[in-house]
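**Student:** let me see the structure of the following:
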Amino acid sequence: MRRLKSELIEEYLRWNGVLTDAVYPEIPSASPAYLSLDTEQRSAAAAGLGLDIEVFESSLARCVRGVLNLDGSGPTDTYRTLNLELGRWKRLRKAERGAPPVLPLLALLTVAAERMATGDGMAETNFYGRACEVLEHRDDRRHFEQGYRMFGERYWSALDRWLEDNDGLRGLPTAVAVGHRFVGLPISQVLIREADRDRLPQFFIYAGFPPGAAVPPKELEPAFDRWMASEPCPASPALLHQWHSSGKQRILESVAAVLATWNGHIVHREGDDALLQASLALNIGQFPRPRIEFSPIAYLANADEARDGEIKTDRGWEPVDLAPFATGIMRIGDQQAFDNTSLLEGILEVRDSLSGRSIGRSPRRVMIFRRVDHAGAYLEAEQTMLGEDVVVVVRNQPVMTTKVEKILQACARPGWGTYPEGYGGIPVGWTVYHSVQILSNPGELVPNASLDLRALVPLTNSQLLVSGGLGLPGSVRGKWHRLALPEVRAVSDDPNGFTVRLFDLEMQEDDEDPMPLSEWRKRDAGALVIALSEEELEDGNYRVELQPAGSAQAVSAITIRVRSGDRVDAEQLAKSDPVDQFLDDPLSVLSASEVVGERSVVGGLVMEPMPAVVRNAHPPASAHWKTGRSERRKLTLAIATVPPDSCLYTGSHHTAIETVEFAPGGRPLTPYVVGKCSECGLQRRFPSTSWQAKRRSNRGQTPQSSSPARMDLLPQITNEEKMGWDVALDGFFHCGAGTPAAFERLAAFLEPSALMVHHLTRTLSSLGHIELMRDAHTFELKGWEVGPSVLVPTSRGWFLTGHWPSSLVKSQLAADPGLTIQRYVHPEAPTSRFFNRFPEQAVDGVQEGISAIEFAAQLPVLSQVIDALPRVSAPARATGLSVFDPASAKWQDTENMALKGGYRMRSFATLDLLRSQDDLDRGTMAVSTVHLSKHATALLWGAEPLLAYDEERQVLTVPLGTNLPGLYERAAVLASGLAPLATGGSLSYLDVSPELAGHITYLLSN
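**Tutor:** Residues are numbered from 1 along each chain as shown. As a prediction, this is how the structure comes out:
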């Protein structure tokens, strides 16, 4: 009996829902998602449908045939039912949408793509023949094929858009064919299977490509061909067969797509020792003074697991902490613990306790450090990519610096420069070039024999890059803040020129080729630099494409997700635990507490507050501490430097070349062998046959690179010193909550340094914008959350604390015409905003907070906080000790911890400790925080609290660097709604009433 059309559609939609959960389940972190119908996906789908796995494909074919009119009058008629269902789906609000009703058809097409390599009497390239075979349609296939050519891209686009709208919750889109329209889309899902995709990061590291790079497929071919020729071949036999048959271009397209979504994660296998290495990171800062810091990092297996390690210093092997730094990377110790000179001129050796492996790094005369957004730092790289932001570090030898500067003058975008000698800690004998973007190949300026200068030769001749601005952390990569958008940098060696196009993915019309929002053309080879900030983009998803003049399709594409605090990352917020500071736990002063009680603090709110009982103590009227310099010696650790005859100083490399291995017929097994300097580790490839060497030599005499681009025609790199405090705060509003790594990523927009992270943590917490969750044993930051939208009464008006993005402010002002807003700009904090009164009609979610004095009245006295600190046994001996002296408000070196007070223990990490009389008696010490230790020392010593109060000006001051701890500081800040101001050697809290100053004095004195 023939089934009704409605029943067939219902069955099709049931398949669509089951395939959604089987292929695109919700995942904790965004990663590429493939409609490959592998064994796991098929088993899950078959179970959801109640089918035996043996009949899965035939049942899928029957389901798809039910909605395709294969005997229709034309291609439009064939796909009419499917297009009607897709139209209904598009009319739904995004929040109501499931996956688009195209998955069964697309799944069937990927089965056909997978069968293309099987032969069986049909050409490998006959995609439509395979599709009709899977569909079990033996009759005329013209309408099916023509209809797919008409509508196929629309179906894949709907799937991509749905994945984008979910911000990575169900995976990242991968069906992007930059060539081979129609057929390339399903092939991209199955051509490279999961096992080979897991191996591709090995190729990316081998070739030197950074995570997320958008590289045209043809640019990958030379390096990928060498990698596939390695012995043993790193790829599967199936992929190797495809590579040597007709599938080379499609494989390169798939590899380029995997590279574009790669986040740096590596699946380590036994024997992958080449992937484990030591390297350097570079931080350049201006806050509060110029600073250039090199620090050691390690690329290790299981890099997300903190553990112990050892490092070889000039004193021998010493223990060191290995801590997660970025995806696939670990930080070695405290970045401020190392001496810059020894890191640049020494041999770095590290042992990993987890794997038992040892890794090392040797110094070099020329180094490049590329900007890596997800790491918030510049990371050492073998070679540069076209257009990326790099810092070049060169050993001061006149011949070498002259060569480097000649290359930069010819090939780098205008605006690069050098730091003055000794600037920010640059070691003697080194030059640092900043603001460098290489936009063309130096050609003959870098001879083949020059190992040192090879770092300045770009890996590709064409490149599309999106860089700069505020890259937002979260569940999906490629997000930028609307008020700090990046640049698009495009380079192509096509002599006929190229075009860059910008598309709005949320406004594309499906009935015709999408129209670009903007388009930029270049008539010859060279570079284009496009500032997206000039495009006035709203929150949404966009795509930028690079299309050479001689190509029918774009060769590179990058998705740009524009966000702001008006569009909260709901998935990221949902993954974070609630952050509440329960006041029944005295440690709530420092961190959100896991203790559930009646009273809790969230931003400027106190839930179930106690009746305000204000205590009065008399604060000192003037500063009673000395303001001299600290006598604490700087502890830096040095690694052993190389001998004077090293290639670092002489420039003479000692290259050991691999032995050429031959097949039985006398043919070399590989086209190249590697020569490696035994001292610095620089590598150079040598041809394995004389005819290859001759051909390479001839190429060297006639450089293949195009004429140098006119760099003077490009916009100059600007180095304006501007702190985007308000943009960074709105970035926090967008994220809603997050991890320490997410916090560091946002802080890096202001400045990539630990000092900025600590400053911003204190500042945003004191203003009530965020709540902090710290580890109960170490007080290390574990997580954070933006506070609710609260208005707190202050001396300057009603302070906007917590989540107040621009759209909410506008909505509140529109709801109450009599409301006005005033802004106070702060040099080292976000702008503080105030309403003139509490709204007569508050919009949903806006709450009324309590005054600063009522807030302070809820807090415990300092002695209760000290008693609640976690305790550990005190060591018999310790090195790198300093003790806090309240009289000078400075740290002083000490040999032991025999007295009460606050201590710092410095080695590869800095520990803040506190010892009371009870700790001395029991042989214990309390884990503390730096500011708590300082104020607690004054209490334990019986000294006056470390504050002073000017009643006439209503200003409460503390020594610079001695901020009030935790919620004590929030109480002082909420008096004015302004972060404290650094003036001279003091930190000033404004608009503090005598009543509040007296109560804070009482809290710190008891």
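
**Student:** going forward, measure contacts between C-alpha atoms and count neighbours the same way
**Tutor:** OK.

**Student:** got phi/psi on residue 564?
**Tutor:** For residue 564, the backbone dihedrals (degrees, to the nearest 10) come out as phi -160, psi -180.

**Student:** can you check residue 21 too?
**Tutor:** Torsion angles, degrees, to the nearest 10, at residue 21: phi -70, psi -30.

**Student:** quick check, pLDDT for it.
**Tutor:** As predicted, residue 21 sits at a pLDDT of 96.

**Student:** and it, how close does it get to residue 135?
**Tutor:** From residue 21 over to residue 135 the distance is 23 Å, taken as Cα to Cα, to the nearest Å.

**Student:** and if you look at residue 13?
**Tutor:** From residue 13 to residue 135 the distance is 18 Å (Cα to Cα).

**Student:** can you check residue 890 too?
**Tutor:** 79 Å.

**Student:** could you pull out the helices in the stretch 351-500 of the chain for me?
**Tutor:** 398-411 (DSSP state H, counting those that start in this stretch).

**Student:** low-confidence ranges, it, go.
**Tutor:** For the stretch 351-500 of the chain, the stretches with pLDDT under 70 are 449.

**Student:** and the strands in it, which stretches?
**Tutor:** Assigned by DSSP state E, counting those that start in this stretch, the strands in the stretch 351-500 of the chain fall at 358-361, 366-372, 377-381, 390-395, 417-418, 430-436, 463-467, 471-472, 479-481, 487-492, 498-504.

**Student:** tilt between the third one and strand 390-395?
**Tutor:** Going back to what we said before, that points to strand 377-381. 60 degrees (axes from the mean of the first three to the mean of the last three Cα atoms, to 10 degrees).

**Student:** and the contacts of strand 377-381?
**Tutor:** Outside strand 377-381, the residues that touch it by Cα atoms under 8 Å, 6 or more residues apart in numbering are 208, 279-283, 367-372, 390-391, 455, 748, 752.

**Student:** what do you get if the cut-off is 10 Å, keeping everything else the same?
**Tutor:** Residues outside strand 377-381 that contact it (Cα atoms under 10 Å, 6 or more residues apart in numbering) are 208-210, 279-284, 294-297, 367-372, 389-392, 455, 745, 748, 751-753.

**Student:** outline the domain layout of the chain.
**Tutor:** Using automatic domain parsing, the domain ranges for the chain come out as 5-190, 273-456, 484-563, 581-613+722-741+769-851, 871-926.

**Student:** now those as a markdown table including mean neighbour count?
**Tutor:** Shown next, in a markdown table, are those (neighbours: other Cα atoms under 10 Å):
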| stretch | mean neighbour count |
| --- | --- |
| domain 5-190 | 18 |
| domain 273-456 | 19 |
| domain 484-563 | 18 |
| domain 581-613+722-741+769-851 | 19 |
| domain 871-926 | 18 |
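
**Student:** now do the same for residue 118: its pLDDT.
**Tutor:** pLDDT for residue 118: 56.

**Student:** quick one: the strands in the stretch 751-900 of the chain?
**Tutor:** 770-774, 781-786, 790-794, 797-801, 821-826, 829-835, 847-848, 871-873, 881-885, 890-893.

**Student:** and the first one, which strands flank it?
**Tutor:** Which is strand 770-774. strand 781-786 (antiparallel) (DSSP bridges).

**Student:** what residues does the partner strand touch?
**Tutor:** For strand 781-786, using Cα under 10 Å, 6+ apart, the contacting residues are 573, 576-580, 591-592, 602-603, 729, 732-743, 761, 764-765, 768-776, 801-804.

**Student:** chain center to stretch 371-386: distance?
**Tutor:** Offset of stretch 371-386 from its chain centre (Cα atoms, centre = their mean, to the nearest Å): 12 Å.

**Student:** residues in contact with the residue nearest to the spatial centre of the chain?
**Tutor:** The centroid of the chain falls nearest to residue 374 when counting by Cα atoms, centre = their mean (2.0 Å). For residue 374, the contact set (Cα under 10 Å, 6+ apart) comprises 211, 263-264, 325-327, 471-473, 477, 741-742, 744-746, 748.

**Student:** so which of the residues you listed sit within strands?
**Tutor:** Counting by DSSP state E, the part of these found in strands is 325-326, 471-472.

**Student:** could you export the residues you listed as JSON lines, including distance to residue 997?
**Tutor:** Shown next, in JSON lines, are those (distance: Cα to Cα, whole Å):
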{"residue": "325", "distance to residue 997": "41"}
{"residue": "326", "distance to residue 997": "43"}
{"residue": "471", "distance to residue 997": "41"}
{"residue": "472", "distance to residue 997": "39"}
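
**Student:** rewinding a little: please report how far the residue nearest to the centre of the chain lies from residue 207.
**Tutor:** From residue 374 over to residue 207 (counting by Cα to Cα), the distance is 20 Å.

**Student:** with residue 49 instead?
**Tutor:** For residue 49, the distance to residue 207 equals 44 Å [Cα to Cα].

**Student:** can you give me the helices in the stretch 701-850 of the chain?
**Tutor:** 725-735, 740-750, 754-766, 806-815.

**Student:** same thing with the stretch 551-700 of the chain?
**Tutor:** Under the criterion DSSP H, counting those that start in this stretch, helices of the stretch 551-700 of the chain are mapped to 570-575, 647-650, 690-701.

**Student:** looking at these, which has the lowest confidence?
**Tutor:** helix 690-701 (a mean of 47).

**Student:** what stretches of the stretch 851-1000 of the chain score poorly on pLDDT?
**Tutor:** Using pLDDT under 70, the flagged stretches of the stretch 851-1000 of the chain are 907-908.
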